[in-house]
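Participant: would you be able to build a 3D model of this:
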Amino acid sequence: VVAVPPLGRPETDMFDGTWAGDAGFDPLTISGFLDARWLREAELKHCRVAMLATLGCIVQDVYKFPGATTVFSGDMKLTKLHDAAVAQGTMGQ
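Facilitator: Next up is the predicted model:
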């Protein structure tokens, strides 16, 4: 399996086919000059931060924390912004 057929598989030790899900996607051959362990750790860290950020966006829309008296964004909740984007047809739905 090759992720980008015209480019072929990267010629690095990281893409030797032994890792689960190895599709050979590294069009810039970053794995050729960075340590694979560091790349895996960085990807996990960024994924976890993104999941926490998404959870934070959802929680502040559906829950009001005790003691929070000022809301800086008015009623511009994430759910209302999503619904407005869908109504305009910009979400492809």
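Participant: residue ranges with poor pLDDT in the protein?
Facilitator: Scanning the chain with the threshold set as pLDDT under 70 gives 1, 70-76, 91-93.
Participant: please, where are all the helices along it?
Facilitator: Remark: helices assigned in the chain by DSSP state H are 36-62, 78-88.
Participant: mind putting those helices in CSV, mean neighbour count and distance to Pro6 included?
Facilitator: Heads up, the C-betas are built off the backbone N, CA and C, glycines and all. Below are the helices of the chain laid out as CSV (neighbours: other CB atoms under 10 Å; distance: least, CB to CB, whole Å):
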stretch, mean neighbour count, distance to Pro6
helix 36-62, 11, 23
helix 78-88, 12, 34
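Participant: now those helices in TSV, with distance to Ala20?
Facilitator: Shown next, in TSV, are the helices of the chain (distance: least, CB to CB, whole Å):
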stretch	distance to Ala20
helix 36-62	12
helix 78-88	33
